[in-house]
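K.L.:
Pasting the sequence and the predicted model now:
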Protein chains: 2
Amino acid sequence: MNDHPFDAALRLTAEQAGLYSGSTSAAYWNMVGPFGGVTAATALNAVLQHPALLGEPISLTVNYAGPLLAGPFRVAATPRRTNRSTQHWLIEMTQANAAGVDEVMLTATALTASRRPTWGSEDTPMPAVPRPAGLPEEKPMTGVEWIHRYDMRFVEGAFPTEWDGHGDSSLTQLWMRDMPPRVLDFCSLASMADIFFPRVYLRRAFRVPAGTVSMTVYFHADGAQLRASGDGFLLGQAHAQVFRKGFFDQSSQLWNEAGVLLATTNQIVYYKE
Amino acid sequence: MNDHPFDAALRLTAEQAGLYSGSTSAAYWNMVGPFGGVTAATALNAVLQHPALLGEPISLTVNYAGPLLAGPFRVAATPRRTNRSTQHWLIEMTQANAAGVDEVMLTATALTASRRPTWGSEDTPMPAVPRPAGLPEEKPMTGVEWIHRYDMRFVEGAFPTEWDGHGDSSLTQLWMRDMPPRVLDFCSLASMADIFFPRVYLRRAFRVPAGTVSMTVYFHADGAQLRASGDGFLLGQAHAQVFRKGFFDQSSQLWNEAGVLLATTNQIVYYKE
């Protein structure tokens, strides 16, 4: 089978209902451990594979407890409460450490729900930016594998090229899509929610150790709307509100090419120095 | 003992390490169940009471699985992974339903950590608004008890007085503090993060059934900074980014009177019609 690398990375084998085994993907390797977006998508995938699933994802919070080692891991997804139209999930990823002892690598919660037609309002229009076709494809950094799995075209706030400590803004806008292109779904949207490099790099134009500790994604579109986005680009926008004593936030939006706001997402990120 | 009603509402009795019993507070009753802010604060309090606690709260995500009934409940807080300077928590609230069967009422995760001095930047200044002393105290709605536990002074986006369907903005700014005044701490900050009434009321100037299903709070201040805020007012600001097919988001900030951004918080809220 000639899988897309994203599908290969997310593949889970059911040991029993709600308990899955998987393996990290070299194609999405980051500096230490896999790209966090793929890890978040894997947690969500365990929910989506569950035979008792009700509805579609509305929210997902993943907490990165420790970097996965290359190799096998387990994901457990448990519906803790099922209401008439909503369902609350707990998810945990575990992995044997070097001593062979199982450790918790990720904790997560998710809400799935059946959506119904209602009044609606699009109160956050996509910013007016150049279309992706006219922009160069850029890699924000070198030396990590996962960035080759995405086509990224920066509009503003690209990865600094001069690390001179003279940054003045944390705002990034970029077009992104899977490479090779792949029709959007909840898992790939969850993964792309984590595509923004740490805002502290940009804000300071200075590189320090940094890593996401918790990410929350709100899904504002249903599966049909995601499929309607096809394999086109998403516009992502991210900025930080405050940096203080070792932690900063990232506040982000993702629109499809037609300008539909598909997801809003927030992170809290650890940094040093 | 002459407790502040907030402390009385949050009181937990340890049955064993990490397992606590509590009881809902009539003083913070909402329309159906307790005010969600107090429920979130109770979940956080279970973490703060735990003998194995490391550091102070950095993030908290609470998922409201069902409205608590008036009466006793249990909270279980478990450290799922403890690193050198960070600790990952799972929290669940359970309550016996009318048939006497225990049901999950809330799931939550939290991150606590030891903070260290670092470079920092305050990138979201408090908006220029009138000071609280010159503004009238207002109750955003009638018929619910919890609003009497807060002093609220609206700058913009107060509760609509004409439900004519002619709203055009979801932005609220208000000063808030406990009533009677109480020195700020992590639990009261978590509670006030949920003080904003559903944005759909304001955006539409039309009242529909609505309720928070998940809230994430990022704490940007340590305990010393919270205490330094004393029992003064906080300025809260909230708006929604999108309303679609039964769910909308709320994106919010809370500053102390000195203009220090203490918390940023997001919710996803269910609505009908």
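P.N.:
Cool, the structure landed.
K.L.:
from memory A:Arg153 sits against A:Trp175, does it?
P.N.:
Yes. With contacts counted by CB atoms under 8 Å, A:Arg153 reaches A:Trp175, the gap being 4.2 Å. For glycine as for every other residue, the C-beta is placed from the backbone atoms N, C-alpha and C.
K.L.:
Overlap of the contact sets of those two?
P.N.:
Counting by CB atoms under 8 Å, 6 or more residues apart in numbering or on different chains, the common neighbours of A:Arg153 and A:Trp175 are A:132, A:135, A:233.
K.L.:
Could you save those residues as TSV and add columns showing distance to A:Leu111 and pLDDT?
P.N.:
Conversion of the shared contacts of A:Arg153 and A:Trp175 to TSV gives the following (distance: CB to CB, whole Å; pLDDT from 0 to 100):
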residue	distance to A:Leu111	pLDDT
A:Pro132	32	97
A:Leu135	35	97
A:Phe233	28	98
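K.L.:
The residues you listed into JSON lines, with extra columns for distance to A:Gly18, secondary structure and neighbour count?
P.N.:
As requested, these are exported to JSON lines (distance: CB to CB, whole Å; DSSP: H, G, I helix; E, B strand; the rest coil; neighbours: other CB atoms under 10 Å in any protein chain shown):
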{"residue": "A:Pro132", "distance to A:Gly18": "39", "secondary structure": "helix", "neighbour count": "20"}
{"residue": "A:Leu135", "distance to A:Gly18": "43", "secondary structure": "coil", "neighbour count": "16"}
{"residue": "A:Phe233", "distance to A:Gly18": "35", "secondary structure": "coil", "neighbour count": "21"}
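K.L.:
which among these gets closest to A:Ala14?
P.N.:
Relative to A:Ala14, the closest of the shared contacts of A:Arg153 and A:Trp175 is A:Phe233; by CB to CB it sits at 33.6 Å.
K.L.:
show me what contacts the closest one?
P.N.:
A:Phe233 is in contact with A:132, A:151, A:153, A:175-177, A:256-257, counting by CB under 8 Å, 6+ apart.
K.L.:
Now the spatially most central residue of chain A: which helix or strand?
P.N.:
Taking CA atoms, centre = their mean as the criterion, A:Ser191 is the residue nearest the geometric centre of chain A, at 2.9 Å. Counting by DSSP states H and E, the element that carries A:Ser191 is helix A:186-192.
K.L.:
circling back: with respect to chain B, which of the contacts of A:Phe233 is nearest?
P.N.:
The closest of these to chain B turns out to be A:Asn256 (CB to the nearest CB; 12.8 Å).
K.L.:
Could you check how far the residue lying closest to the closest one once chain neighbours are set aside is from chain B?
P.N.:
With sequence-adjacent residues excluded and distances taken as CB to CB, 6 or more residues apart in numbering or on different chains, A:Asn256 is closest to A:Ser229, at 4.0 Å. Taking CB to the nearest CB, to the nearest Å as the measure, A:Ser229 and chain B are separated by 14 Å.
K.L.:
The helix holding A:Ser191 and chain B in contact?
P.N.:
No. Counting by CB under 8 Å from any CB of the partner chain, chain B is not contacted by helix A:186-192; separation bottoms out at 14.3 Å.
K.L.:
same for that helix, what does it pack against?
P.N.:
Taking 3 or more CB pairs under 8 Å, 6 or more residues apart in numbering or on different chains; DSSP states H and E as the contact definition, the neighbouring helices and strands of helix A:186-192 are helix A:5-10, helix A:36-49, strand A:56-64, strand A:210-219, helix A:223-228, strand A:234-239, strand A:261-271.
K.L.:
Put together a markdown table for these, with mean neighbour count on each row.
P.N.:
Supplementary listing: those in a markdown table, determined by neighbours: other CB atoms under 10 Å in any protein chain shown:
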| stretch | mean neighbour count |
| --- | --- |
| helix A:5-10 | 20 |
| helix A:36-49 | 26 |
| strand A:56-64 | 26 |
| strand A:210-219 | 24 |
| helix A:223-228 | 15 |
| strand A:234-239 | 23 |
| strand A:261-271 | 24 |
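K.L.:
mind putting the ones you listed in JSON lines, distance to A:Pro140 included?
P.N.:
Written out in JSON lines, the entries for these read as follows (distance: least, CB to CB, whole Å):
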{"stretch": "helix A:5-10", "distance to A:Pro140": "18"}
{"stretch": "helix A:36-49", "distance to A:Pro140": "13"}
{"stretch": "strand A:56-64", "distance to A:Pro140": "20"}
{"stretch": "strand A:210-219", "distance to A:Pro140": "14"}
{"stretch": "helix A:223-228", "distance to A:Pro140": "25"}
{"stretch": "strand A:234-239", "distance to A:Pro140": "12"}
{"stretch": "strand A:261-271", "distance to A:Pro140": "16"}
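K.L.:
Switch the ones you listed over to a markdown table, and while doing so, append mean pLDDT and distance to A:Glu162 to every line.
P.N.:
Supplementary listing: the helices and strands packed on helix A:186-192 in a markdown table, determined by pLDDT from 0 to 100; distance: least, CB to CB, whole Å:
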| stretch | mean pLDDT | distance to A:Glu162 |
| --- | --- | --- |
| helix A:5-10 | 98 | 32 |
| helix A:36-49 | 98 | 26 |
| strand A:56-64 | 98 | 30 |
| strand A:210-219 | 98 | 19 |
| helix A:223-228 | 97 | 38 |
| strand A:234-239 | 98 | 20 |
| strand A:261-271 | 98 | 20 |
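K.L.:
Looking at these, spot the one closest to B:Tyr270.
P.N.:
Taking CB to CB, strand A:56-64 is the member of the helices and strands packed on helix A:186-192 nearest to B:Tyr270, at 8.5 Å.
K.L.:
Does anything pack onto that closest one? Which helices or strands?
P.N.:
In this structure, strand A:56-64 packs against helix A:36-49, strand A:102-113, helix A:186-192, strand A:210-219, strand B:56-64, strand B:102-113, strand B:210-219, with contacts taken as 3+ CB pairs under 8 Å, 6+ apart.
K.L.:
pretty sure the residue nearest to A:Asn256 is touching A:Glu257, no?
P.N.:
Yes. Using CB under 8 Å, A:Ser229 is in contact with A:Glu257, at 7.3 Å.
K.L.:
More neighbours: which of those two?
P.N.:
With neighbours defined as other CB atoms under 10 Å in any protein chain shown, A:Ser229 and A:Glu257 compare such that A:Ser229 has more, 21 against 16.
K.L.:
Around chain B, pick out the residues from the stretch 151-273 of chain A.
P.N.:
Within the stretch 151-273 of chain A, the residues that sit near chain B (CB under 8 Å from any CB) are A:170, A:203-204, A:208, A:213-214, A:216, A:218, A:220-222, A:239-247, A:249, A:251, A:253, A:261, A:264, A:266, A:268, A:270-273.
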